[in-house]
Every structure is written in structure tokens, then in C-alpha cells.
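Engineer: Can you look at this prediction? I've put the sequence above it.
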Amino acid sequence: MAPRRPIIGGNWKMNLTRAEGLALAAAVGDVASAYPRVEVAVFPPFPYLDAVRAETTPAVAVGAQDCSAEAKGAFTGQVSVGMLVDIGVTSVLIGHSERRHGLGETDAILCRKLARAVDGGVLPVLCVGETLAERDAGRAHEVIATQLRGALDGHSEASMSQLVIAYEPVWAIGTGRTATPADAAEAHRTVRRTLQDLYSARFAEKARVMYGGSVNARNAAELFAQEDIDGGLVGGASLIASDFAAIIAAAAGR
Ligand code: PGA
């Protein structure tokens, strides 16, 4: 089977002004063009998506941080996949922990969002990960498997062929506390084992699984050296062009 193409995503969250975002997007475009082996994506806030897409090169995929589970209609404040596609967005984060835990998004809602993304032809990045309490209780692997099963419920193997998973332990996000490469690798094996149970060994082997949670320019290479870690979903360090460039370079050397 062909090796999995490394993937690096910059999740800007609710940060940056428009001007800062455009400058960052231009810088990321230069770096991405220099490392064609790595798939590079940025996930700006909704109001900047269109401008960022226009500013950056085709070497950078522009993704949204969320999408609606609905197609259209009376859903104040929500953004549909159709609207994202209309402005050239090609990827979407689904189930980031700040939406699961901050906004109460359930596996059932994420399952429907996944359907919308796939129907719209947008690359879905499904985020999973345990809280510190769940890890301390020895439940990390059960939680990861349950989140995957919940979001993928009813989705066929063929429909999920482009699915990317981001394993992001909640306790590592924005805390500066990164999972050890060994712990992250073990969690990634749980992701693959669950995908194998749900679909097939081939699917599990092909699917790309990113690690997220305090990835930075110093720890990226060691994380990406793990066989089952195909790249990173990066928050804080993705806002600093030079740090994000170093992380992309680390993925290229994988
Ligand atoms: P962080 O965020 O790199 O700032 O920990 C990662 C994420 O939430 O995707």
C-alpha cells in the first residue's frame, strides 16, 4: 500500500485579525510550496475563509473549524457545508474538543455533520480525545473508541474513504503539556484498531491519523517519527509562521 501522505493543519481558533491572518496565510503558502510531500491546511475563523483562500497558494487547503449538521434553513448563526464549498473551502474540522466540551456537541450531532461534509465533497477531519479524568480512570482507549463509533455510526466504508482522524487528548490542548510520543502512538493504534473493527484492515491502514495537543517546533519531529502518527493538528504554534514552518518541515522528514 502507498505510504500515507503526511498532513499538517493549523487551527487558528478564534484568533488573529484579518490582516494578520492574510499575512500568515501568505507565509504558510510559501512553506507549503516548498514541501509538496506534505498536505498543509489552515483552519481560519469563518469571516476570513474567503480572503485567506484568495491570498494563499493552491498548495494550502483552506478548511473551516466547524459546519452545520443541517443543509440550509432557519438555523441562525450556523454555516452550511454548501456555503463553505461555494467559497472554495475543501476541508472541515468536526468535533473539536472545544466544541464537544465547550458547546456540548454530541457524537450523534457529529455523525450528522460528517454526513454533510462527505455529501458536500469536503475532507472531514474528525477530532477525538479523552479528558484528563478519563485518562486517569484508565478509560482513554474506551473513550476514543466510543467517540469514533458514535460519529461513524451508519457511515459506510466507501463513504468515509477520505476520512482523517485527529487524536487530541483534551488535557494536552493549549496546555503546553504534550502526550509522550509513546502515549500518543498507543492512542493512534487504538484509533486504527477501532477503524479496523468498524470497517477493514485496509481502511485502518490507509486512514491518516493526526496528533493534536501542544505540538510545537521542538516536539514535532519526535511525535511524527512514530509509525502511526501521520502529522499534526496545531493550535497555538500555527499562529507563528516560523514555528508552523518548522512543524511542516518535521512532517516532510517523516
Ligand atoms: P494547541 O491546540 O496546539 O494549541 O494545543 C491544538 C488544537 O486544539 O487543535
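Structural biologist: In hand now; what should we look at?

Engineer: So for the helix or strand that contains Glu20, what gets flagged as buried?
Structural biologist: Secondary structure assignment for Glu20, by DSSP states H and E: helix 18-34. Applying a neighbour-count criterion of 16 or more other Cβ atoms under 10 Å, the buried positions in helix 18-34 are 21-22, 24-25, 27-29, 31-32. (Glycine included, C-beta is placed from N, CA and C.)

Engineer: can you list these in JSON lines and add pLDDT and distance to Ser156?
Structural biologist: Shown next, in JSON lines, are the buried residues of helix 18-34 (pLDDT from 0 to 100; distance: Cβ to Cβ, whole Å):
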{"residue": "Gly21", "pLDDT": "98", "distance to Ser156": "37"}
{"residue": "Leu22", "pLDDT": "98", "distance to Ser156": "39"}
{"residue": "Leu24", "pLDDT": "98", "distance to Ser156": "37"}
{"residue": "Ala25", "pLDDT": "98", "distance to Ser156": "35"}
{"residue": "Ala27", "pLDDT": "97", "distance to Ser156": "39"}
{"residue": "Val28", "pLDDT": "98", "distance to Ser156": "34"}
{"residue": "Gly29", "pLDDT": "97", "distance to Ser156": "35"}
{"residue": "Val31", "pLDDT": "97", "distance to Ser156": "36"}
{"residue": "Ala32", "pLDDT": "97", "distance to Ser156": "32"}
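
Engineer: residue boundaries of the strands in the stretch 1-150 of the chain?
Structural biologist: Residue ranges of the strands in the stretch 1-150 of the chain, as given by DSSP state E, counting those that start in this stretch, are 7-11, 39-43, 60-64, 91-94, 123-128.

Engineer: Number of residues surrounding the residue of the chain found nearest the ligand?
Structural biologist: Residue nearest to the ligand within the chain (Cβ to the nearest ligand atom): Gly235, separated by 2.3 Å. As a burial measure, the neighbour count of Gly235 was computed by other Cβ atoms under 10 Å and equals 23.

Engineer: List, one by one, the residues from the protein near the ligand.
Structural biologist: 11, 168, 173-174, 212-215, 233-237 (Cβ under 6 Å from any ligand atom).

Engineer: Spatially nearest residue to the residue of the chain closest to the ligand, not counting backbone neighbours?
Structural biologist: Asn11 (5.0 Å; Cβ to Cβ, 6 or more residues apart in numbering).
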